[in-house]
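Visitor: A predicted structure for the sequence below; I have some questions about it.
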Amino acid sequence: MGLFDLFGGKKNGAGEEVSKEQELLSSKEKEIEAARKAHAELTWPTIPKLNPVNIKDAETHDMEETVSPERKSEVGQLIYEPDISIDALVDLSGQELLFLLTAMEVFTKTAPLPDFEKNHRKVYNEVLGRLRDSKDLYVLYDTSTGYPFIDHGFANVYFEEELAEKARSMFEGQYRKLVVRKVKVENDEAPANVRRGFFDYLYYIGIENLIVDNGAYRARFKRNEIVVSPMDWNSDRKDASPVNPELNFAMIDFLEELRWPVAYEKRADVLKAKEVRMLSLIRNANYIIPMQHEGPAEVMEDGRIRMGKDTKLKFLVMKTKDDKQFLPVYTDAIEFSKKLTGTEWNAAVFKYQDILKFVQDKEGIRINPNGQGIVLPKDRMMAIEIAAQQAAIMRGKAGIKPQQTGSAASMSEDAAVQAALNQAMAKMNEKRNTEDFKESEEQ
């Protein structure tokens, strides 16, 4: 083989590579052209419906378009890009990004877009990054609970106050009483070791699903896509106080449903299912309780207290106007810190079964008095415990393993427990409970 043959061979190899690249490019162009033809009859998507709720005689209205026809045509062409440039996304508004995300999802259902997964992830991540990096966001809060509004399991978060206010007005047509609150994504004023941002707070109240800009072009995200759980990044924390995110969520969700002044088919069943889920989680939770003790007592790593045989406990109580006494209990340190109980009061962690013993000379408990404020009389508490024990016996006889403690499904999806609860307890009288504590005082 001669010298020229060697160089000629290399040139041929390079030529083959160029040829393959050209073939690949040509193939991509053909795929894009085929997709364009398949989409020829489609129009750009419009703003989707707020939610699936239909209420007779309700005054509902849709939000006006947030992306002009001209911008739709310009931004929409990006769905056919073989590799969307990040630079092309940076200058888009939040609504333009969400429109692009919506257009990609709508069009690819009719005919697959080339490189859909890769490009969709780029746009999705851009929205996700803006959520994470925002200084402030606007959140819909339910005035009936004082917590973020939960709609079909999702909290409603907005980039712009104007959009949030328009959405609030739309929900008002569904008889929801909401307010828009500006929230700081990060609480820079708090010390680093106790700093909690807004998305950390959502973890503690059990909100894991978010919908961004609902009412306009929107997208759904998981809270842990934005920040990890505080329990993950703070696994070495000395604070062993309990957290009950599933319970907090269940209480908020139940109260919002209970206080929503509408009627619809099977609402009683929905309300009952949410109540049973909440009650099961109440029974399985550990709580922080203000207390004092006389005699030897050892506080363990998990915050629970080991008492000596001569140890005496004294608990903080709340009194109603008619002199009934309730024991305040707290799901976590955030709820416990909402109202100072005085430096003379310590705190310890107790499980539900312990608390049953403490309320024998009281009317019952109030969970998170300055939060959800759920009231459980002691007879109802006992009914829940008896029903759960009966269900456990029934499961044992049937050879069914118990579900994980703390799971939202642990009782609500268990037919035996539901049957026992239906027999053992009456429906909670929320109106009476609210009136009892309108002017409650502590002693």
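Guide: Thanks, I have the structure now. Remember, predicted model here, so these are calculated numbers, not experimental data.
Visitor: how far away from the center of its chain is stretch 285-295?
Guide: Centroid separation for stretch 285-295 versus its chain: 29 Å, with Cα atoms, centre = their mean, to the nearest Å.
Visitor: and it, C-alpha only, in CSV?
Guide: The C-alpha coordinates for stretch 285-295 follow below in CSV (Å, rounded to 0.1, in the frame of the first residue of the first chain):
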residue,chain,number,x,y,z
ALA,A,285,-49.6,9.8,65.4
ASN,A,286,-47.2,11.0,68.1
TYR,A,287,-47.9,14.5,69.6
ILE,A,288,-46.1,17.2,71.5
ILE,A,289,-47.9,18.1,74.7
PRO,A,290,-47.1,21.0,77.1
MET,A,291,-46.5,19.4,80.6
GLN,A,292,-44.8,19.6,83.9
HIS,A,293,-43.6,16.7,86.0
GLU,A,294,-42.7,16.1,89.7
GLY,A,295,-40.3,13.3,90.4
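Visitor: quick one: buried residues of that stretch?
Guide: Residues of stretch 285-295 classed as buried: Ala285, Asn286, Tyr287, Ile288, Ile289, Pro290, Met291, His293 (neighbour count, 16 or more other Cβ atoms under 10 Å). Where C-beta positions appear, they are placed from N, C-alpha and C, glycine not excepted.
Visitor: what are the phi and psi values for the second one?
Guide: The reference is to Asn286. Asn286 adopts backbone torsions of phi -100, psi 150, taken as degrees, to the nearest 10.
Visitor: just the closest of the buried residues of stretch 285-295 to Lys182, please.
Guide: Ile288 (29.8 Å; Cβ to Cβ).
Visitor: checking that closest one next. Helix, strand or coil?
Guide: Following DSSP: H, G, I helix; E, B strand; the rest coil, Ile288 is assigned to strand.
Visitor: quick one on the thing from earlier: wait, which of the buried residues of stretch 285-295 is closest to Ile47?
Guide: Nearest member of the buried residues of stretch 285-295 to Ile47, counting by Cβ to Cβ, is Ala285, at 40.7 Å.
Visitor: got phi/psi on the closest one?
Guide: phi -90, psi 160.
Visitor: what about it, distance to His39?
Guide: 52 Å (Cβ to Cβ, to the nearest Å).
Visitor: kindly report the same for Ile334.
Guide: Counting by Cβ to Cβ - Ile334 and His39 are separated by 49 Å.
Visitor: any idea which of the buried residues of stretch 285-295 is least confident?
Guide: Note: of those, the lowest pLDDT belongs to His293, at 71.
Visitor: does that residue touch Trp345 like I think?
Guide: No. With contact defined as Cβ atoms under 8 Å, His293 does not count as touching Trp345 (11.0 Å).
Visitor: overlap in contacts of the two?
Guide: Contact criterion Cβ atoms under 8 Å, 6 or more residues apart in numbering; residues shared by His293 and Trp345: none found.
Visitor: and for the nearest residue to Ala38 once chain neighbours are set aside, the neighbour number?
Guide: Excluding its sequence neighbours, the residue lying closest to Ala38 (Cβ to Cβ, 6 or more residues apart in numbering) is Ala111, at 3.3 Å. Neighbour count of Ala111, defined by other Cβ atoms under 10 Å: 15.
Visitor: quick check: phi and psi at the residue nearest to Glu335 when sequence neighbours are not counted.
Guide: Nearest non-adjacent residue to Glu335, counting by Cβ to Cβ, 6+ apart: Asn368, 4.4 Å away. With angles defined as degrees, to the nearest 10, Asn368 sits at phi 50, psi 70.
Visitor: list the contacts of Asn368.
Guide: Contacts of Asn368 by Cβ under 8 Å, 6+ apart are Asn248, Met251, Val329, Tyr330, Thr331, Glu335, Lys338, Ile374.
Visitor: right, and the last one touches Met251 too?
Guide: Yes. Because the distance of 5.5 Å satisfies Cβ under 8 Å, Ile374 is recorded as touching Met251.
Visitor: with distance to Leu128 added, can I get the contacts of Asn368 in CSV?
Guide: Shown next, in CSV, are the contacts of Asn368 (distance: Cβ to Cβ, whole Å):
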residue, distance to Leu128
Asn248, 25
Met251, 29
Val329, 37
Tyr330, 33
Thr331, 29
Glu335, 29
Lys338, 31
Ile374, 34
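Visitor: Ser229 contacts Tyr203, correct?
Guide: Yes. Counting by Cβ under 8 Å, Tyr203 is a contact partner of Ser229 at 5.4 Å.
Visitor: those two: which is more packed in?
Guide: Shown here are Ser229 and Tyr203; by other Cβ under 10 Å, Tyr203 has more neighbours (22 against 17).
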